[in-house]
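Trainee: no sequence on hand, only this structure:
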């Protein structure tokens, strides 16, 4: 993910979830991991990715403030950085730092090397911008399908 890249480069239409958020934190994390592409540098074993994300989340919540959570897992390189997004209209408890419900979850799996960390930081920066702007949040929370979410994400991340 270069500086010209957008968060959309980590995603694909089939790696999106639009939900009310009733399933809970751990079930949603598992659903997002299940959407990741097989053969992504971790031998096609989604359990390795799931364990990495769970281990990181158990160390310290990735539920930030303003309804945003950024769960992630680091894997031995080489691993292509990939992600999946959930928008939870009603919010879900994510043990966030501000104690508020989480509406936007960007899950990422990346390599535990400098390139992976660089991509992670760039994606985090873009995610915070995407999920904390009032107009962006409103647009994202109004979607009712994964197709609608993909369309809104494309519009919000379009390069000028």
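Mentor: Nice, I can see it. As the structure is a computational prediction, the values presented were derived from the model and not from experiment.
Trainee: next, the residue nearest the centre of the chain: phi, psi?
Mentor: Central residue of the chain (Cα atoms, centre = their mean): residue 106, 1.4 Å from the mean position. Main-chain dihedrals, residue 106, degrees, to the nearest 10: phi -110, psi 110.
Trainee: report the contact partners of it.
Mentor: 7, 68-71, 83-85, 123, 127, 131 (Cβ atoms under 8 Å, 6 or more residues apart in numbering). (Each C-beta comes from the backbone N, C-alpha and C, glycine too.)
Trainee: how about low-confidence regions in the chain?
Mentor: 1-4, 38-44, 159-160 (pLDDT under 70).
Trainee: what ranges do the strands span in it?
Mentor: 16-19, 68-69, 72-75, 82-92, 102-111 (DSSP state E).
Trainee: could the ones you listed be laid out in a markdown table, adding distance to residue 61?
Mentor: Putting the strands of the chain into a markdown table (distance: least, Cβ to Cβ, whole Å) gives the following:
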| stretch | distance to residue 61 |
| --- | --- |
| strand 16-19 | 19 |
| strand 68-69 | 8 |
| strand 72-75 | 12 |
| strand 82-92 | 13 |
| strand 102-111 | 10 |
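Trainee: among those strands, which is nearest residue 150?
Mentor: strand 16-19 (6.1 Å; Cβ to Cβ).
Trainee: that closest one pairs with which strands, parallel or anti?
Mentor: strand 82-92 (parallel) (DSSP bridges).
Trainee: so the strand it pairs with versus strand 102-111, what angle?
Mentor: 160 degrees (axes from the mean of the first three to the mean of the last three Cα atoms, to 10 degrees).
Trainee: buried residues in strand 82-92?
Mentor: Within strand 82-92, the residues that count as buried by 16 or more other Cβ atoms under 10 Å are 82-88, 91-92.
Trainee: next one: stretch 149-160
Mentor: 149-150, 152-153, 156-157.
Trainee: what lies in contact with the longest helix anywhere in the chain?
Mentor: Taking DSSP state H as the criterion, the chain has its longest helix at helix 114-132. Outside helix 114-132, the residues that touch it by Cβ under 8 Å, 6+ apart are 1, 3, 5-7, 10, 64, 66-68, 70, 72, 74, 77, 79, 81, 83, 103-104, 106, 108, 110, 136-137, 140, 153, 156-157.
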